[in-house]
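Trainee: I need the structure of the sequence given here:
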Amino acid sequence: MSVIGLARGAVFADSKVRRFRVSGPLLPAGLLIALLAVIGINDPSFLSAESLRLIAAQSAPIVMFAVGLTPVILLGAIDLSIGALASFCSVLFVLTTPSLGVFGIAVVIGLAAILGALVGWTHAVAQVPSFVVTLGALGLYSGLALVISDARDQSLGAGASAFDSLTGFFATIPVTFVLAVSIAAVTAVVLHKTTLGRAVYAIGSGEAASIMSGLSPTRTRVLAFSFCSACAAGASAFLISGTGFSSPTLADGYLLYGIAAVLVGGTAISGGVGSVARSLLGGMVVAVVLAGLVIVGIDPKISDLVFGTVIIVVVSVTTNRRKLTAVK
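Mentor: Numbers count the residues shown, from 1 in each chain. As a prediction, the model looks like this:
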């Protein structure tokens with residue numbers, strides 16, 4: 001392909017992104033409102049203040065996973081390890097917080113960021129497809145969690161007080177939800193207003209053209225995977241603050257919820273198109289669906305079937321087949 005052709009492709013993709021930024025959140029917002037209305041008609045108590053607070057608290061870790069995944073998916077990559085990493089972090093919290101308190105939470109999140117950077121480096125520098133390297137990391141994190149915890153759930157014990165600040169409310173809104181939305185807002189600013197954010201969109205739209213423009217795909221991918229892992233650790237802290245115990249499989253199912261949230265929000269799996277605002281709304285949609293399954297009397301275990309189907313359908317509809325070589 002000629003340089004002119006690449007440039008035209010990049011301009012076309014960029015125009016699509018600009019239009020998407022303006023109208024993008026409307027679809028998932030409409031879906032969220034429709035779901036609330038339908039379930040609320042079936043059970044009016046679903047729209048009570050207490051019920052909505054509970055849904056907000058349940059959506060917080062899902063939103064964290066979705067926010068972390070968004071830059072990675074915008075790059076045309078995927079991270080399959082974040083659920084297992086979050087479970088591993090829950091085991092580490094039991095080890096660090098009794099003696100270090102809140103600092104122990106920061107240590108684990110920092111470690112997760114380093115692990116994510118290593119995964120991103122392996123993907124970008126060693127040219128290992130993200131699907132493969134994160135699948136391997138998934139097995140590594142799961143194995144470590146099982147070995148360290150002796151395959152048992154463990155109480156936080158003396159470390160429980162380190163999570164007290166995550167169990168409260170800010171003006172009747174769960175603190176975890178406020179934090180998740182705040183992190184989403186900061187991430188949105190970074191993606192839309194900084195050179196790093198513009199690089200994420202440019203690389204996802206066309207890596208060859210972005211390299212000719214002087215951008216560094218390696219640096220961008222390492223930072224994106226590092227951020228994604230840090231968000232997974234944060235989600236783990238949210239989960240463990242609610243349960244009071246760790247488990248080597250605590251967050252394994254949240255990988256599916258996180259990916260579903262990003263895709264339902266409308267971020268394209270082929271990269272270059274999407275936004276954090278859409279992922280935030282997608283995370284809330286997933287939380288409402290999970291709560292709605294219980295309200296209408298459907299076994300919550302069927303949620304994996306529901307979201308697995310949703311992912312297949314959304315990917316089939318939204319994938320840009322001209323960029324299939326960029327999906328790794």
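
Trainee: which helices and strands does the helix or strand where residue 263 lies pack with?
Mentor: Taking DSSP states H and E as the definition, one finds residue 263 inside helix 254-265. With contacts taken as 3 or more CB pairs under 8 Å, 6 or more residues apart in numbering; DSSP states H and E, helix 254-265 sits against helix 26-42, helix 49-74, helix 82-100, helix 276-295, helix 303-318. Heads up, the C-betas are built off the backbone N, CA and C, glycines and all.

Trainee: Would you mind listing the buried residues in the longest one?
Mentor: Of the residues in helix 49-74, 51-52, 55-74 count as buried by neighbour count, 16 or more other CB atoms under 10 Å.

Trainee: Kindly report the same for the first one.
Mentor: Neighbour counts using 16+ other CB under 10 Å place 28, 29, 31, 32, 35, 36, 39, 40 of helix 26-42 among the buried residues.

Trainee: Of those residues, which is the nearest to residue 292?
Mentor: In terms of CB to CB, no member of these lies closer to residue 292 than residue 39, at 4.5 Å.

Trainee: Check the spacing between the closest one and residue 251 real quick.
Mentor: 25 Å (CB to CB, to the nearest Å).

Trainee: next one: residue 147
Mentor: With CB to CB as the criterion, residue 147 and residue 251 are 17 Å apart.

Trainee: Compare the two (neighbour count), which wins?
Mentor: Taking neighbours as other CB atoms under 10 Å, residue 147 and residue 251 compare with residue 251 leading, 27 against 11.

Trainee: Could you tell me which residues make contact with the more buried one?
Mentor: By CB atoms under 8 Å, 6 or more residues apart in numbering, the contact list for residue 251 reads 61, 83, 84, 86, 87, 90, 232, 235, 236, 239.

Trainee: which stretch of helix or strand covers it?
Mentor: Using DSSP H and E, no helix or strand contains residue 251.

Trainee: Give me the phi and psi angles of it.
Mentor: Main-chain dihedrals, residue 251, degrees, to the nearest 10: phi -120, psi 10.

Trainee: so how far is residue 190 from residue 144?
Mentor: For residue 144 relative to residue 190 (CB to CB), the value is 30 Å.

Trainee: Looking at the helices and strands packed on helix 254-265, which is nearest to residue 215?
Mentor: Closest approach to residue 215 among these (CB to CB): helix 49-74, 13.6 Å.

Trainee: What helices and strands are in contact with the closest one?
Mentor: Contact here means 3+ CB pairs under 8 Å, 6+ apart; on that basis helix 49-74 packs against helix 82-100, strand 173-174, helix 175-193, helix 195-205, helix 217-243, helix 254-265, helix 276-295.

Trainee: angle of that helix against helix 82-100?
Mentor: Orientation note: helix 49-74 sits at an angle of 110 degrees relative to helix 82-100 (axes from the mean of the first three to the mean of the last three CA atoms, to 10 degrees).

Trainee: and the angle from helix 49-74 to helix 195-205?
Mentor: Going by the same axes, to 10 degrees, helix 49-74 makes 70 degrees with helix 195-205.

Trainee: and helix 49-74, how far out from the chain's middle?
Mentor: With CA atoms, centre = their mean, to the nearest Å as the basis, helix 49-74 stands 8 Å off its chain's centre.

Trainee: ok so, going back, mind putting the buried residues of helix 26-42 into JSON lines with distance to residue 130?
Mentor: Converted to JSON lines, these look like this (distance: CB to CB, whole Å):
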{"residue": "28", "distance to residue 130": "24"}
{"residue": "29", "distance to residue 130": "29"}
{"residue": "31", "distance to residue 130": "28"}
{"residue": "32", "distance to residue 130": "29"}
{"residue": "35", "distance to residue 130": "31"}
{"residue": "36", "distance to residue 130": "35"}
{"residue": "39", "distance to residue 130": "36"}
{"residue": "40", "distance to residue 130": "39"}
